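Q: whatever this is, show me its structure:
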Amino acid sequence: MQLTLLRLYSIVNQPLPLTNAKEGWLSLDDEELPSILIFEEELAKKILKSDGLVPIDLLDFFKSASGLNSSDLPSLSHFLIKTPLILNGVNHFRAKASLMPIFKLIEKDENKWADTFVSHFFMGHNDKKINPVSFAENFVRSFFKEIISRELDISADEIPEFPDDVLTISPKKISLKSNEKRLTHLILFLENKLYSKGRDLNEAWVFAALFLGSQSLRSSVAYALTMASEKNIWDDELLFSKASPISVIGRIALGDINIDKLEIKKGQRFFISLSMINEASHHQTEKLSQSFAFGSGPHKCPGRKISSIIMKALLDFWRIHHAEFLLDQVKFTRTVILEAK
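A: Model (predicted):
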């Protein structure tokens, strides 16, 4: 599996989409039941909309890769079964329904403060020399803290240290245990604040889902800083198509099915490359009505609007002020995340 994922990472980070696989897919390994990379939009949509393929179980992946079990990762395990991330059917829609009322309130409020937040964040950066990677990391964390502080009417300084990115393809035992500890601390903190305000304690898991989802914005922010002015990308849809928050969506087949000419076997894994699909669409059309950056079908990312609002604010500011900052030279690569939205 690790060799499959390494090959996936290599292909996704090629500068141009593949053109030698006419059917829009290729095998990632030589196993009896090979993992399949999908990079053609219509085929990807059919796979994402199919009831016969469901999100890859990230928890099982983490446990098999690290040698840990659910008892070692109680908070992370609980988080993954309470959010739409790896759920299917009725459970998915029930979990998504629990997110959306709070997400809608955040979207409405965010429209009022996003521009000011972005301006203050940049202007508070005393050094005009920026490392895009670390800057993007701090920006996303500060953005999430702003949401929490406003929603719970608390100081951002009160909010404890966040977990690192737990959705990467190579989870290590040490980092998983560290994230487990930080996630537990964050949940307890949020529950205490919610309790003091007479609110539903389950909202703590909604905020946790928002945070872990917002982490994927780091690559989009870093790309905006490094490439927006050079490529004249000032539209959030176009930016997301060039640097999808989620590069790869994982699916696994529940049974034997056929989609177009693709014969799918039970247990077979599929990886849909959003970044390659988006690049291909821009080579074919001058104007993109909607990027594929947040997935498609029933598991489409519920945080799309929240992401778009902050990215629009960032691009508006950067368009005017980018010449005032000096950027460190970095190579942009797409982080392959087994996100299942």
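
Q: next secondary structure element downstream of the helix or strand hosting residue 121?
A: Assigned by DSSP states H and E, residue 121 belongs to helix 89-123. Note on helix 89-123: by DSSP H and E, the next helix or strand toward the C-terminus is strand 129-130.

Q: now what about the host helix or strand of residue 144, what contacts it?
A: Assessed by DSSP H and E, residue 144 sits inside helix 132-152. Residues outside helix 132-152 that contact it (Cβ atoms under 8 Å, 6 or more residues apart in numbering) are 102, 105-106, 109-110, 113, 117, 121, 125, 154-156, 158-159, 162, 190, 193-194, 197, 207, 210-211, 214-215, 217-219, 221-222, 225-226, 310, 314, 327-328, 330. Every residue, glycine included, has its C-beta placed from N, CA and C.

Q: of the residues you listed, which belong to strands?
A: If you go by DSSP state E, the contacts of helix 132-152 have residue 327 in strands.

Q: now list the buried members of the contacts of helix 132-152.
A: 102, 106, 110, 117, 121, 154, 159, 162, 190, 193-194, 207, 210-211, 214-215, 217-219, 221-222, 225-226, 310, 314, 327 (16 or more other Cβ atoms under 10 Å).

Q: can you pull the contacts of the residue lying closest to residue 190 once chain neighbours are set aside?
A: Leaving aside its sequence neighbours, residue 190 sits nearest to residue 204 (Cβ to Cβ, 6 or more residues apart in numbering; 3.7 Å). Residue 204 sits next to 187, 190-191, 194 when contact means Cβ under 8 Å, 6+ apart.

Q: would you mind measuring from residue 204 to residue 186?
A: Noted for residue 204: a distance of 8 Å to residue 186, by Cβ to Cβ, to the nearest Å.

Q: ok, now residue 243?
A: 27 Å.

Q: what is the burial count for residue 255?
A: Number of residues near residue 255 (other Cβ atoms under 10 Å) recorded here: 10.

Q: make sure it is actually in contact with residue 51.
A: No: if you go by Cβ atoms under 8 Å, residue 255 and residue 51 don't touch, sitting 10.2 Å apart.

Q: low-confidence ranges in the stretch 151-300 of the chain?
A: Residue ranges of the stretch 151-300 of the chain with pLDDT under 70: 165-174, 278-291.

Q: nearest residue to the residue nearest the centre of the chain other than its sequence neighbours?
A: What sits nearest the mean C-alpha location of the chain, by Cα atoms, centre = their mean, is residue 216, with 3.7 Å. Computed as Cβ to Cβ, 6+ apart, the closest residue to residue 216 that is not its neighbour in sequence is residue 245, at 4.1 Å.

Q: and the one you found, that one's in a strand?
A: No: secondary structure of residue 245 (DSSP: H, G, I helix; E, B strand; the rest coil): coil, not part of a strand.

Q: who touches it in this structure?
A: Residues near residue 245 by Cβ under 8 Å, 6+ apart: 216-217, 219-220, 293-294, 301, 307.

Q: tell me how many other residues crowd the nearest residue to residue 218 once chain neighbours are set aside.
A: Closest residue to residue 218 apart from its sequence neighbours, by Cβ to Cβ, 6+ apart: residue 136 at 4.5 Å. Residue 136: 23 surrounding residues under other Cβ under 10 Å.

Q: quick one on the thing from earlier: in helices, which of the contacts of residue 245 appear?
A: Mapping the contacts of residue 245 onto helices (DSSP state H) picks out 219-220, 307.

Q: and which of these is nearest residue 233?
A: Relative to residue 233, the closest of the ones in helices among the contacts of residue 245 is residue 220; by Cβ to Cβ it sits at 10.9 Å.

Q: wait, residue 201 touches residue 189, no?
A: No: contact criterion Cβ under 8 Å: residue 201 and residue 189 do not qualify, at 11.8 Å.

Q: show me which of the two is the more surrounded one.
A: More neighbours surround residue 189 than the other of residue 201 and residue 189, with 17 against 13 (other Cβ under 10 Å).

Q: residues in contact with the closest residue to that one other than its chain neighbours?
A: Leaving out its chain neighbours, the residue that sits closest to residue 189 by Cβ to Cβ, 6+ apart is residue 160, at 5.3 Å. Counting by Cβ under 8 Å, 6+ apart, residue 160 touches 182, 185-186, 189.
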